[in-house]
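Engineer: What follows is a predicted protein model with its sequence.
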Amino acid sequence: MKKGILICAFLPLLIIAQQKKEVLFIGNSYTYVNDLPNLVKQIALSFGDTLIYDSSTPGGANFNAHSTNTQTLNKINQQQWDYVVLQAQSQEPSFSSGQVANDTYPYAKILVDSIHANSICTEPLFFMTWGRKYGDQQNCQNYPPICTYQGMQQRLRESYLEMTFNDSSSCAPVGMAWKALIAIDSTINLYSSDNSHPSIYGSYLAACTFYTSIFKKSAVGSTYWPNAIDSLTALSLQQIGSSTVLDSFGVWNIFNAELDFYQDNDSVSFTNLSTNYESLVWDFGDGNTSFDENPTHVYTTSGNYTITLSALTNGGCLLDTSSVTISVSVSTNINELTSKKVLLNITDILGRTTNAIKNTHLFYHFNNGTVEKKIIIE
């Protein structure tokens, strides 16, 4: 996660969720084939959202070329973007870790630094691409792991995520959506005839993944799909693209606010599950707030309360919220009031103190000596 100083002054301005996003796409033919940005725009429009976009996508361009490309740099600086998408040349992030560290990562950082120099409020979004259908036969003699689709896809995943976390950015996991679809239904050909560039099916799956990564909403139910795709296939592509993102915000380092809670009468223990944030503020709905990571709050009056977790990032420019409403009944029994059950800590199966983790059996220790085994299902 990112760490930083909470800037409360931004809260009143950012509390309303945006339905319009302005995005610059930087890449090459993997982006401009089938006009991927416009596919994302059309999906957004079908839900009443707005995507305003521009692009710099010269054929075959890598991050090194983009880092000195006048058109690319001018477009980065032409306005304050919500996102700038960064897509590398299709092969370069799949090479050996030493080669990628030398030939790719430094130029990715230059581009991210250029984006933040223009506006700290802009979020860089790496475009994780897909492995070639039969691997990279051109280079696999020099680096055997990329001789197959699976091996090339794994290296792309590793490199794009390393850039994402090293540069405090987000990732649109298009390549992993492709992998999921191929495993489920290999009859849908995501590739064009060169077994590298996307077919219209591949581009539409990429667009669904991007819509969910940018708007953080499911693409399922969109009434837009290209004429070449039938409605059932479109639904399948929407489902795969959306679930790949929504099931794993933390894996892709996508900025997101999320909370969980454990209630024991009037005492409520909250767990922060947010990702890629710098600071937090909890509003307990009764006039009290907290900046703690995982606070516990005791209510003094019965009633229904809406708890809101606000997560901020990029110097406080970006805000996301997650809310839940609870019902509290405050006991008037003296014995109950003097024996509050309060969560002390959480441990894993080895007895190590930890925070709440999804899909993992954990032990919750309370001040009355009880221990409860609990799992948060993702």
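Structural biologist: Received the coordinates, thanks.
Engineer: Just the element for the spatially most central residue of the chain, please.
Structural biologist: Central residue of the chain (Cα atoms, centre = their mean): residue 254, 2.4 Å from the mean position. Assigned by DSSP states H and E, residue 254 belongs to no helix or strand.
Engineer: Test my guess that it contacts residue 212.
Structural biologist: No: Residue 254 sits out of contact with residue 212 when judged by Cβ atoms under 8 Å, with a separation of 9.2 Å. Backbone N, C-alpha and C define where each C-beta goes, glycine included.
Engineer: Which of the three states applies to residue 281?
Structural biologist: For residue 281, the assignment made with DSSP: H, G, I helix; E, B strand; the rest coil gives strand.
Engineer: residues contacting the nearest residue to it once chain neighbours are set aside?
Structural biologist: Nearest residue to residue 281 in three dimensions, chain neighbours excluded: residue 310, at 4.9 Å (Cβ to Cβ, 6 or more residues apart in numbering). Going by Cβ atoms under 8 Å, 6 or more residues apart in numbering, residue 310 touches 11, 15, 257, 280, 281, 282, 283, 319, 320, 321.
Engineer: Surely residue 310 is within a helix?
Structural biologist: No: under three-state DSSP, residue 310 falls outside any helix and is assigned strand.
Engineer: Dump the helix or strand where residue 102 lies to CSV, restricted to CA.
Structural biologist: Per DSSP H and E: residue 102 is located in helix 97-103. What follows is helix 97-103, C-alpha atoms only, in CSV (Å, rounded to 0.1, in the frame of the first residue of the first chain):
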residue,chain,number,x,y,z
SER,A,97,14.5,-10.3,-15.6
GLY,A,98,18.0,-8.8,-16.1
GLN,A,99,17.2,-7.6,-19.6
VAL,A,100,13.9,-6.1,-18.6
ALA,A,101,15.4,-4.4,-15.6
ASN,A,102,18.0,-2.8,-17.9
ASP,A,103,15.9,-2.1,-21.1
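Engineer: if we can go back for a sec, where do the contact lists of residue 254 and residue 212 overlap?
Structural biologist: Common contact partners of residue 254 and residue 212 (Cβ under 8 Å, 6+ apart): residue 245.
Engineer: Just the buried ones from the contacts of residue 310, in ChimeraX syntax?
Structural biologist: Command for ChimeraX, covering only those of these found buried under the criterion 16 or more other Cβ atoms under 10 Å:
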select :11,257,280,281,282,283,319,320,321
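Engineer: before we move on, back to that, tell me which residues form a beta bridge with the residue nearest to residue 281?
Structural biologist: Here residue 310 sits in beta bridges with residue 281, residue 321, as judged by DSSP bridges.
Engineer: what separates it from residue 291, distance-wise?
Structural biologist: Counting by Cβ to Cβ, to the nearest Å, the separation of residue 310 from residue 291 is 10 Å.
Engineer: intersection of neighbour lists for the two?
Structural biologist: 280, 281, 282.
Engineer: Give me the distance between the residue lying closest to the last one once chain neighbours are set aside and residue 298.
Structural biologist: This points to residue 282. Closest residue in space to residue 282, ignoring its immediate chain neighbours: residue 290 at 4.5 Å, by Cβ to Cβ, 6+ apart. Computed as Cβ to Cβ, the residue 290 to residue 298 distance reads 12 Å.
Engineer: my guess is residue 49 meets residue 19, correct?
Structural biologist: Yes: assessed by Cβ under 8 Å, residue 49 is found in contact with residue 19 at 5.0 Å.
Engineer: the more surrounded of these two?
Structural biologist: Neighbour count, other Cβ atoms under 10 Å: between residue 49 and residue 19, residue 49 has more, with 18 against 12.
Engineer: Let me see the contact set for the more buried one.
Structural biologist: In this structure, residue 49 makes contact with 19, 20, 21, 215, 217, judged by Cβ under 8 Å, 6+ apart.
Engineer: In those residues, find the pair that's most separated.
Structural biologist: 20 and 217 (13.4 Å; Cβ to Cβ).
Engineer: Which one's more surrounded, these two?
Structural biologist: Using other Cβ under 10 Å as the criterion, residue 20 and residue 217 rank with residue 217 on top: 17 against 11.
Engineer: SS state for the more buried one?
Structural biologist: Three-state call for residue 217 (three-state DSSP): coil.
Engineer: can you tell me which residues contact it?
Structural biologist: When contacts are counted by Cβ under 8 Å, 6+ apart, residue 217 touches 47, 49, 211.
Engineer: what about the last one, neighbour count?
Structural biologist: By other Cβ under 10 Å, the residues close to residue 211 number 30.
Engineer: quick one: the helix or strand harbouring it to chain centroid distance?
Structural biologist: Element membership for residue 211, per DSSP H and E: helix 200-215. Distance of helix 200-215 from its chain centroid, counting by Cα atoms, centre = their mean, to the nearest Å, is 13 Å.
Engineer: same for it, what does it pack against?
Structural biologist: Applying 3 or more Cβ pairs under 8 Å, 6 or more residues apart in numbering; DSSP states H and E, one finds that helix 200-215 contacts strand 20-26, helix 36-46, strand 123-127, strand 170-172, helix 174-184, helix 231-246.
Engineer: Including mean pLDDT and distance to residue 302, could the ones you listed go into TSV?
Structural biologist: As requested, those are exported to TSV (pLDDT from 0 to 100; distance: least, Cβ to Cβ, whole Å):
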stretch	mean pLDDT	distance to residue 302
strand 20-26	97	41
helix 36-46	98	43
strand 123-127	98	42
strand 170-172	98	41
helix 174-184	97	47
helix 231-246	98	35
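Engineer: Minimum distance to residue 364: which of these has it?
Structural biologist: Of all the helices and strands packed on helix 200-215, helix 231-246 sits nearest to residue 364, with 26.6 Å by Cβ to Cβ.
Engineer: which of the residues in that closest one are buried?
Structural biologist: By 16+ other Cβ under 10 Å, the buried positions in helix 231-246 come out as 233-246.
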